[in-house]
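Colleague: sequence plus predicted model, see below.
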Amino acid sequence: MQLRRTLTEAAVGLGVVTLIACAALVVFTTMLRRNVDDVQRSQEMARLTSRLAHQAFRHEIETSPMGRAMAEAQGRVLLTRATGLARTPEERRTFAELAPLLERHWRATTAGDGARLPPDLIVALVRADDLFAASAEAQSGRARTVDMLANVLGVAIAVLLAASVLFFLWIVQQLVYRPVQAVVESVDRFAGGDLTARAPVGGADEIQRIATAQNTMADALARTRSDQLRYVATVVHDLRNPLAAVQLAAGYVTPERPLPPETRLREIFALIDRQLRRLNSLVGDVLNAVQVDAGELVLRKTVCDLGDLAEASVALFRSMSPYHRFALHRDGATQLRGDATRLEQVLNNLVGNAVKYSPTGSLVQVSVGGENDRLFFSVADEGPGISPDLARQLFHPFVRGPTEHEEVAGIGLGLYVSKRIIEAHGGTLEAFPTDGRGATFLMTLPRDLPASNVEADAPPLASAGIEPSSA
Amino acid sequence: MASIVLIDDDDDIRETMADLLAMEGHDVRAARNGVEGLQALDDHFPQLVVTDVEMPVLDGRAMVFRMFVENLGRENIPVILVSGAADLREVAAVLGTPYYLAKPFPLEALNATIGRALTEAIPARPPSLFG
């Protein structure tokens, strides 16, 4: 139910009821007023008729010609006034009958003394008086009826208005107040730490949309939280293996046993060194990813050469993996403005992955070049390749390619961080799924860094002790 | 002095543990994953299995379940789980083994657990298989 529509309908309904009440009030007051007028007129006519009878009688008993003339003149005035008040045909007929009788009476008494009030005039006067009295009584009765009807209608309209207001309040409570309160309660519960709290979707459409939006947000927050917990659990799990190796190595030197021979001791310390490097690299990866996730990826803009960075990276891995073959192709000008430290980290990640995920003796091909305002860098290896499924998830945190041995160290954050670094440079990083052997990664970069994410005075992130990342 | 099959995919951990257990006088066969572990169980019927949980190819869970597939007597060998997984206790409950060690652990803890497992010799009994 739409709140806007419901409220409009309720307002229109209340307005119509009020209008009807006003119109009825006007109609009834008019009717009552007319009734009162009618009663007054009937009473006035009855009074005038009485006075007319009185003047007729006075005309009869008056002895002086002057008195008779006065009575006749007053009688005529009264007759004229009463005739002027007549409205209904019956009233007019009454006066029409009365007028000639009075006329004859006045003439008869003026002509000769001792003329008596004629009986037909008396009868006519009495009938007129009765008629007007009855008429006034009838009008009063009608006024009482109208008054009663008005009372009944007034009470009915008052009840209707009260019911409408109550209904309106009920609708507001059901459609607005209760659903809003339910949403507020669920938000409070969520804020209080109950991540399963969801708002019931009910009430007006508008409120339902608020509840749905709140639930969507709660879902996203709960998902983020569970993702973070999984993130921490994964990190902790991956940190435990090198810790376990170091702690086990400490078991070689115990009070009960003689020290191992020197060659064994050297092996043990090499193991400890190796595992501590691994720990440091993992911690660096996590720190990198946390910085990227927290939006703290700040690039330091310098002029550098992607081709030189690629050569340095290939040289680094050539020294570390003498059993791999490397080929580097440079093509065109490869100068750009970007964060050299971060780009070096990405190149080392990509070349390092190619080395780690491909068999010894295989070829790692690196190409770097520039054309107009864009640069590209690609690495192709002869490893197991990337399935289309894996290609879709490869840049998500903690996703790693399938390996058959733990030698491929890493926590699954390298490509995630690399992609974010390249995107911050305004570039792209893609993996090409391959059916058979070998994987290819392609990176493109604009020659000039976009203005955002740049802070010239930012401290170099390399100072945080971050080592080349792993996939 | 017992014969032990040790399975872990981390070279340094596996070799160090194998070396240290050999120094304690045990007869240790090492394997890198569940498939190699089952092979080692076939070749040398040990008194005890010490295995990691998260491993490539065939993980510790699947390997312990496979120990029950054929009634070769492998199902009566006690199993010690060794892992850095946060849910190690739950994995141990699923596999029905009372012996597990969270990485990292000192050598004495490993020795103590091995001693207990050899004395009690309670084999793994996954509730899903044995009700």
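Modeller: Nice, I can see it.

Colleague: tell me which helix or strand residue A:4 sits in.
Modeller: Here residue A:4 sits within helix A:3-61, counting by DSSP states H and E.

Colleague: can you pull the buried residues of the least confident helix or strand in chain A by mean pLDDT?
Modeller: Lowest on mean pLDDT, DSSP states H and E among the helices and strands of chain A sits helix A:388-393, with a mean of 79. Neighbour-count burial for helix A:388-393 flags A:390, A:391 (criterion: 16 or more other Cβ atoms under 10 Å in any protein chain shown). The C-beta positions use only the backbone N, C-alpha and C, and glycine is treated the same way.

Colleague: how about that helix and chain B, touching?
Modeller: No. Helix A:388-393 stays clear of chain B (Cβ under 8 Å from any Cβ of the partner chain), getting no nearer than 14.6 Å.

Colleague: contacts for whatever helix or strand comes next after that helix, please.
Modeller: Tracing the chain past helix A:388-393, the next element assigned as helix or strand by DSSP H and E is helix A:414-424. Here helix A:414-424 makes contact (Cβ atoms under 8 Å, 6 or more residues apart in numbering or on different chains) with A:285, A:288-289, A:292, A:297, A:299, A:339, A:342-343, A:345-346, A:349-350, A:352-353, A:394-397, A:399, A:428-429, A:431, A:443, A:445, A:453, A:469-471.

Colleague: which of the residues you listed count as buried?
Modeller: For these, buried by 16+ other Cβ under 10 Å: A:285, A:288-289, A:292, A:297, A:299, A:339, A:342-343, A:345-346, A:349-350, A:352-353, A:394-395, A:397, A:429, A:431, A:443, A:445, A:453, A:469-471.

Colleague: which residues in chain A form helices?
Modeller: Per DSSP state H, chain A carries helices over the ranges A:3-61, A:65-85, A:89-111, A:119-172, A:178-191, A:205-250, A:262-293, A:306-320, A:340-356, A:388-393, A:414-424.

Colleague: mind putting the ones you listed in TSV, distance to residue A:375 included?
Modeller: Listed next are the helices of chain A as TSV, based on distance: least, Cβ to Cβ, whole Å:
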stretch	distance to residue A:375
helix A:3-61	56
helix A:65-85	112
helix A:89-111	113
helix A:119-172	64
helix A:178-191	47
helix A:205-250	33
helix A:262-293	22
helix A:306-320	5
helix A:340-356	10
helix A:388-393	23
helix A:414-424	11
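
Colleague: rank the ones you listed by pLDDT, which is bottom?
Modeller: The weakest mean pLDDT among the helices of chain A belongs to helix A:388-393, with a mean of 79.

Colleague: can you give me phi and psi for the residue lying closest to residue A:308 once chain neighbours are set aside?
Modeller: The shortest distance from residue A:308 to any non-neighbouring residue, by Cβ to Cβ, 6 or more residues apart in numbering or on different chains, is to residue A:334 (7.7 Å). Backbone torsions of residue A:334, given as degrees, to the nearest 10, read phi -120, psi 30.

Colleague: beta-bridge partners for the residue nearest the centre of chain B, please?
Modeller: Closest to where the C-alpha atoms of chain B average out (Cα atoms, centre = their mean) is residue B:50, at 2.4 Å. Taking DSSP bridges as the rule, residue B:50 bridges to residue B:6, residue B:80.

Colleague: wait, what's in contact with it?
Modeller: Applying Cβ under 8 Å, 6+ apart, we find residue B:50 in contact with B:4, B:5, B:6, B:7, B:17, B:79, B:80, B:82, B:110, B:114.

Colleague: now with 7 Å?
Modeller: B:4, B:6, B:80, B:82 (Cβ atoms under 7 Å, 6 or more residues apart in numbering or on different chains).

Colleague: could you list the low-pLDDT ranges of chain B?
Modeller: Within chain B, the stretches with pLDDT under 70 are B:71, B:131.

Colleague: residue boundaries of the strands in it?
Modeller: In chain B, the segments counted as strands under DSSP state E are B:3-7, B:27-31, B:48-51, B:79-83, B:99-102.
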